[in-house]
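Trainee: Using only what follows, build the 3D model:
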Amino acid sequence: MTDAWRSPSFERLTPRATSFLTKTLPEVMGGQQDPVTQRLNKTSIRVGLFRQGDFVSRAEAKLIGARLEGFVVIELDFSGITQIGQGFADELFRVWASEHSSSHLVRVNANPVVRAVIAAVER
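Mentor: A predicted model of the protein is given here:
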């Protein structure tokens, strides 16, 4: 076995525990769980991490929607996203939302352009 795994490039990718982490697992999970059932019911998705396209098509929205099944509160963080397409917004905020009426999509960090496209399909 070689020592290739000790290369500097590998070390940059290795996750390390840090001393600044102060929250315990129950503290972190408390905001994500239903207090009665203890079921995970909230998630936060950073839309920009799905960089499989330009967020214009229904297919792209379906990829995101497939990961949202079962959550009640879903925060969609649009940080760094400058625009989205009407098909993307319609599929996620009208079609998916109507098919999952017990779920609530919450927009976070959406710029005015993104908010306007979403508002147009929610009417």
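Trainee: Flag every buried residue along the helix ranked longest in the chain.
Mentor: Of all segments of type helix in the chain, defined using DSSP state H, the longest is helix 112-122. Buried residues in helix 112-122, counting neighbours by 16 or more other C-beta atoms under 10 Å, are found at 114, 117-118, 121. Any C-beta I mention is one placed from the backbone N, CA and C, and that applies to glycine too.
Trainee: Tell me where this structure has strands.
Mentor: Along the chain, the stretches classed as strands by DSSP state E are 42-46, 73-77, 104-108.
Trainee: Out of these, flag the one nearest S57.
Mentor: Within the strands of the chain, the stretch nearest S57 is strand 73-77; the backing value is 16.5 Å (C-beta to C-beta).
Trainee: May I have the closest one as PDB, with CA atoms only?
Mentor: The C-alpha coordinates for strand 73-77 follow below in PDB (Å, rounded to 0.1, in the frame of the first residue of the first chain):
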ATOM      1  CA  VAL A  73     -41.500  22.500   6.100                       C
ATOM      2  CA  ILE A  74     -39.000  22.900   3.300                       C
ATOM      3  CA  GLU A  75     -36.700  25.800   3.100                       C
ATOM      4  CA  LEU A  76     -35.400  26.400  -0.400                       C
ATOM      5  CA  ASP A  77     -32.300  28.600  -0.200                       C
END
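Trainee: quick one, phi/psi of the nearest residue to T43 once chain neighbours are set aside?
Mentor: Distances taken as C-beta to C-beta, 6 or more residues apart in numbering put F71 closest to T43, at 4.7 Å, once the chain neighbours are dropped. When read as degrees, to the nearest 10, the backbone of F71 gives phi -90, psi 150.
Trainee: what separates F71 from S102, distance-wise?
Mentor: Using C-beta to C-beta, to the nearest Å, one obtains 10 Å as the distance from F71 to S102.
Trainee: Between those two, point out the one with more neighbours.
Mentor: Each of F71 and S102 had its neighbours counted (other C-beta atoms under 10 Å), and the higher figure belongs to F71 (21 against 8).
Trainee: Okay, that one and L105: tell me how far apart.
Mentor: Noted for F71: a distance of 10 Å to L105, by C-beta to C-beta.
Trainee: can you check V95 too?
Mentor: For V95, the distance to L105 under the criterion C-beta to C-beta works out to 12 Å.
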